[in-house]
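Undergrad: Generate a structure from the sequence data that follows.
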Amino acid sequence: MAVIIKSAGSFRNEVIAGNHTLVIDEPISAGGTDLGATPYDLLAGALGGCTSMTLHFYAKRETIPLEGVEVSITHGREHAKDCTECLTTSGYIHRFDVKIKLSGPLTAEQKAILLGVAKRCPVYKTLSSEIKIEEALVE
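TA: Got it, this is the predicted structure:
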């Protein structure tokens, strides 16, 4: 099922995903009305939510006593030419700094395993892979 985005002002948009409606906007300082999260906030939310779900799924399957997950994500970008460890040399390199807090009676080994599992999140895999976007104008 397609996710539908309808403009509702200069930057404000409504996102319709199945039975759910979200608002995307920009802060007032950027010319928006600050009535919703920014597109990058939602992208970070997708990564963090997927990470949390993946950890809970794995912990349940492996009977690891995970009680809670808190994921904090910041997003930034830099010019590719300024990134010494990057292969890309033009445009921007986007960075997501992901901090994961696990709660529950977990051993150090279980925490280390779960940290590795976090990279199995499908959104993580998508964002760290090559992405192709095709756009078409429709009438």
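
Undergrad: can I assume Tyr40 sits in a helix?
TA: Yes: assigned with DSSP: H, G, I helix; E, B strand; the rest coil, Tyr40 falls within a helix.

Undergrad: just checking, it touches Ile73?
TA: No: look at Tyr40 against Ile73 with C-beta atoms under 8 Å: they stay out of range, at 9.7 Å. No exception for glycine: its C-beta is placed from N, CA and C like everyone else's.

Undergrad: Residues touching the helix or strand where Lys99 lies, excluding its own?
TA: According to DSSP states H and E, Lys99 maps onto strand 92-103. Contacts with strand 92-103, where a contact means C-beta atoms under 8 Å, 6 or more residues apart in numbering, come from 44, 47-48, 51, 55, 66-80, 83, 86, 111, 114-115, 118, 127.

Undergrad: domains of the protein?
TA: Following automatic domain parsing, one gets these domains for the chain: 1-37, 38-139.

Undergrad: sorry, back to before: cross the contacts of strand 92-103 against strands and list the overlap.
TA: 68-79 (DSSP state E).

Undergrad: of those, buried ones?
TA: Buried members of the ones in strands among the contacts of strand 92-103, scored by 16 or more other C-beta atoms under 10 Å, are 69, 71, 73.

Undergrad: Run through the helices of the protein in chain order.
TA: Using DSSP state H, the helices of the chain run over residues 39-61, 108-117, 122-127.

Undergrad: so which of those helices gets nearest Val138?
TA: Of all these, it is helix 39-61 that lies closest to Val138, at 21.2 Å by C-beta to C-beta.

Undergrad: Summarise which helices and strands the closest one is packed against.
TA: Where contact means 3 or more C-beta pairs under 8 Å, 6 or more residues apart in numbering; DSSP states H and E, helix 39-61 is packed against strand 20-24, strand 68-79, strand 92-103, helix 108-117, helix 122-127.

Undergrad: In TSV, list these along with distance to Leu35.
TA: Putting the helices and strands packed on helix 39-61 into TSV (distance: least, C-beta to C-beta, whole Å) gives the following:
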stretch	distance to Leu35
strand 20-24	5
strand 68-79	20
strand 92-103	24
helix 108-117	36
helix 122-127	25
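
Undergrad: Understood, closing this out.
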